[in-house]
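Colleague: Sequence isn't available, so here's the structure alone:
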């Protein structure tokens with residue numbers, strides 16, 4: 001960061017002497033003969049530290065620095081004067097318009113040390129401002145992320161509820177069909193049935209079909225027909241009932257893999 005220093009004094013030789021002294025410290029030095037010219041330079045340049053004389057014809061140093069405080073509050077403002085005028089200076093210091101008051105004639109090393117300290121103070125203020133801005137931006141981005149997550153969770157929750165409702169409707173439709181339906185996975189496990197299927201194959205204490213191996217609960221002819229296309233078959237169950245059935249493979253558009261049996265009981269052949 002370039003360090004820009006503004007020197008203001010209506011005595012040209014004073015400004016020149018200060019510039020010669022402070023230029024060795026690498027500052028970018030701007031010079032003005034009064035407060036009005038100083039304000040013009042401040043409007044065009046980013047200034048970190050200002051050294052102003054107190055007694056000047058257009059406005060005093062305190063009056064000028066009070067204006068600067070309102071317009072450019074982050075600048076570090078120093079009065080360098082051979083006239084004390086303690087009341088005005090003290091009031092300005094108390095109100096924060098002036099950082100330090102130094103007297104003429106000055107001691108070179110002390111003045112250079114005070115200017116170096118003033119720039120360090122200014123740079124620390126700028127760093128704090130930048131950190132604050134970065135924190136605000138981070139908080140803004142975090143807020144946006146949280147809002148996006150909340151919207152996503154809400155959307156997925158609604159989708160989940162919709163899917164659950166559709167699953168319930170599908171199950172109700174499946175249970176209400178006048179045929180038996182059995183879904184068998186690639187691993188031979190029975191994954192889906194409806195009430196009629198359980199009634200057809202739950203003779204004795206064998207229980208529901210879901211979770212059982214198809215090869216253990218279904219007739220071999222039905223096992224053989226799984227995935228064999230929509231060809232009609234017929235067989236007799238253990239309870240003596242006659243049924244017709246079709247075996248289907250899940251289509252390419254399905255998210256699931258497996259096979260489905262659709263079984264139509266023959267009312268005249270069913271017992272009980």
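Modeller: Arrived safely, thanks for sending. Every value quoted in this text rests on a predicted model; they were computed, and no experiment measured them. Numbers count the residues shown, from 1 in each chain.

Colleague: Determine the longest helix present in the chain.
Modeller: Scanning the chain for the helix with the most residues, using DSSP state H, yields helix 108-176.

Colleague: which residues sit in contact with the nearest residue to residue 108 once chain neighbours are set aside?
Modeller: Distances taken as C-beta to C-beta, 6 or more residues apart in numbering place residue 21 nearest to residue 108, at 5.8 Å, with adjacent residues excluded. To be clear about C-beta, it is placed using only N, CA and C from the backbone, and glycine gets the same treatment. For residue 21, the contacting residues are 108, 111, 112, by C-beta atoms under 8 Å, 6 or more residues apart in numbering.

Colleague: From residue 221, how far off is residue 198?
Modeller: 20 Å (C-beta to C-beta, to the nearest Å).

Colleague: And residue 261, by the same measure?
Modeller: Taking C-beta to C-beta, one finds residue 261 at 11 Å from residue 221.

Colleague: Give me the more crowded residue out of the two.
Modeller: residue 261 (24 against 13; other C-beta atoms under 10 Å).

Colleague: Are we agreed that that one is in a helix?
Modeller: No. Read with DSSP: H, G, I helix; E, B strand; the rest coil, residue 261 is strand and lies in no helix.

Colleague: Tell me the pLDDT of it.
Modeller: With respect to pLDDT, residue 261 has a value of 85.

Colleague: Got the confidence number for residue 144?
Modeller: Listed pLDDT for residue 144 reads 86.

Colleague: list the contacts for it?
Modeller: No contacts exist for residue 144 under C-beta under 8 Å, 6+ apart.

Colleague: how close does it sit to residue 136?
Modeller: From residue 144 to residue 136 the distance is 13 Å (C-beta to C-beta).

Colleague: Need the pLDDT of the residue nearest to residue 108.
Modeller: 95.

Colleague: quick one: it is in a helix?
Modeller: Yes. Per three-state DSSP, residue 21 lies within a helix segment.

Colleague: helices or strands up against the helix or strand hosting residue 102?
Modeller: Per DSSP states H and E, residue 102 falls inside strand 100-103. Packed against strand 100-103 by the contact rule (3 or more C-beta pairs under 8 Å, 6 or more residues apart in numbering; DSSP states H and E) you find strand 76-81, helix 108-176.

Colleague: Give me the mean pLDDT for the first one.
Modeller: Yep, that's strand 76-81 we're talking about. Model confidence over strand 76-81, given as mean pLDDT, is 90.

Colleague: Show me what counts as buried in it.
Modeller: 76, 77, 78, 79, 80, 81 (16 or more other C-beta atoms under 10 Å).

Colleague: On the strand side of things, show who the first one bridges to.
Modeller: Read that as residue 76. Per DSSP bridges, the residues bridged to residue 76 are residue 49.

Colleague: Contact partners for it?
Modeller: Neighbouring residues of residue 76 by C-beta under 8 Å, 6+ apart: 48, 49, 50, 99, 118, 119, 121, 122.

Colleague: Is the nearest residue to residue 41 once chain neighbours are set aside part of a helix or strand, or is it coil?
Modeller: Nearest residue to residue 41, sequence neighbours excluded (C-beta to C-beta, 6+ apart): residue 30, at 5.1 Å. Three-state call for residue 30 (three-state DSSP): strand.

Colleague: Any idea how many residues pack against residue 30?
Modeller: 19.

Colleague: Go ahead and confirm it touches residue 46.
Modeller: No. Taking contacts as C-beta atoms under 8 Å, residue 30 lies outside contact range of residue 46: 10.6 Å.

Colleague: Touching both of the two, which residues are there?
Modeller: By C-beta under 8 Å, 6+ apart, the residues touching both residue 30 and residue 46 are residue 4.

Colleague: circling back to that earlier point, name the nearest of the buried residues of strand 76-81 relative to residue 163.
Modeller: The nearest member of those to residue 163, counting by C-beta to C-beta, is residue 76 at 64.3 Å.

Colleague: Check the residue nearest to residue 41 and give its pLDDT.
Modeller: What the model reports for residue 30 is a pLDDT of 97.

Colleague: Return the residues in contact with it.
Modeller: Residues near residue 30 by C-beta under 8 Å, 6+ apart: 4, 5, 6, 7, 41, 45, 47.
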